[in-house]
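Visitor: structure for the following, please:
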Amino acid sequence: MVTVKFLLDAPASMVVAGGKRILTVSDLHIGLEYELQKLGFKVPSQSDEIARSLLSLLESAKPDVLIVLGDVKHEIKGLRREIRAEVEKVIKSLLDKVERMVIVMGNHDGSLKRLKIEGVEIYEASGFSIDGISFVHGNAWPKPELLTGDVLMMGHLHPSVPVPHGEKRVWIVYYLGKRARERAKKLLGVEFNIKKLIVHPAYNSYLGHSSLRKSSFQRSSPIFRRLVNPRKGYVYSLDGTFLGRFSLVSSSE
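Guide: From the prediction side, this is the model:
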């Protein structure tokens, strides 16, 4: 029995699968502040705050497993010494709190392969699964075998809706049926059994969020470009409020 619950007022979910409690987060973008500093913004390092926030979640939720759905770091190319030190510091601070820590690499994470931190599992963006629930970043197709599970969780898209003076992060849930199965069979030649697709909000609150635009989702992810209509999703705020269908709350194209 697989269950997925969103943690209230946090961009994180609790998954129960394979007899384990699994905390999922996405898009930490450690080192984002270095790019903002280049643009003239005075933003202090956020790695300590990210670590403190995640530690607080781990202590309250008490998961067995922590999964990061990609974009652990922000800089796409390379792994500068200072950013590497911050990434390693955050990861090492979390390891003692869980039995298992897994990173699914995002499009910003290629150089993470150079990290040699004992106790961390690193998978390609095409993902991995636990007991019928599949975890991917979202910028690439999942491995074909992952499409036979019941639930697919992804990050990458940083979904948000506009509010006065800013944006607020949201979850998006898609319920998939016969049409998606037929399309996947024709497109990918695999038996498609995913019944629920969940798009994770970004964890880093300083990150530039992505408003709900069909064109943006299709441009950023092959899943939405070829398989799933972005406008069919159900949108929820971090406090659990149902905001409406994507097609009703989306930004103008």
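Visitor: from residue 132, how far out is the most centrally placed residue in the chain?
Guide: Centrality entry for the chain: nearest residue to the mean C-alpha point is residue 155, 2.6 Å, by C-alpha atoms, centre = their mean. Remark: distance between residue 155 and residue 132 (C-beta to C-beta, to the nearest Å) = 19 Å. Just so you know, the C-beta spots here come from the backbone N, C-alpha and C atoms, and that holds for glycine as well.
Visitor: residue 145 should be in a strand, yeah?
Guide: No - using DSSP: H, G, I helix; E, B strand; the rest coil, the assignment for residue 145 is helix, not a strand.
Visitor: pLDDT score for it?
Guide: On the pLDDT scale, residue 145 is placed at 91.
Visitor: in contact with it, which residues?
Guide: Contacts here follow C-beta atoms under 8 Å, 6 or more residues apart in numbering; on that basis residue 145 touches 129, 190.
Visitor: can you check residue 18 too?
Guide: Contact criterion C-beta under 8 Å, 6+ apart gives 130, 131 as the residues in contact with residue 18.
Visitor: now do it against residue 134, distance only.
Guide: From residue 18 over to residue 134 the distance is 13 Å, taken as C-beta to C-beta.
Visitor: any low-confidence regions in this structure?
Guide: Flagging of the chain using pLDDT under 70 yields the residue ranges 36-39, 42-44, 164-166, 208-210, 251-253.
Visitor: now do the lengthiest strand in it: distance to the chain's middle.
Guide: As far as residue count goes, and with DSSP state E defining each element, the longest strand of the chain is strand 166-175. How far strand 166-175 lies from its chain's middle: 12 Å, per C-alpha atoms, centre = their mean, to the nearest Å.
Visitor: now do whichever helix or strand comes after that strand: everything it contacts.
Guide: Secondary structure here is assigned by DSSP states H and E; on that basis, the next helix or strand after strand 166-175 toward the C-terminus is helix 178-188. With C-beta under 8 Å, 6+ apart as the test, helix 178-188 has contacts from 141, 144, 147, 190, 191, 192, 193, 194, 226, 227, 228.
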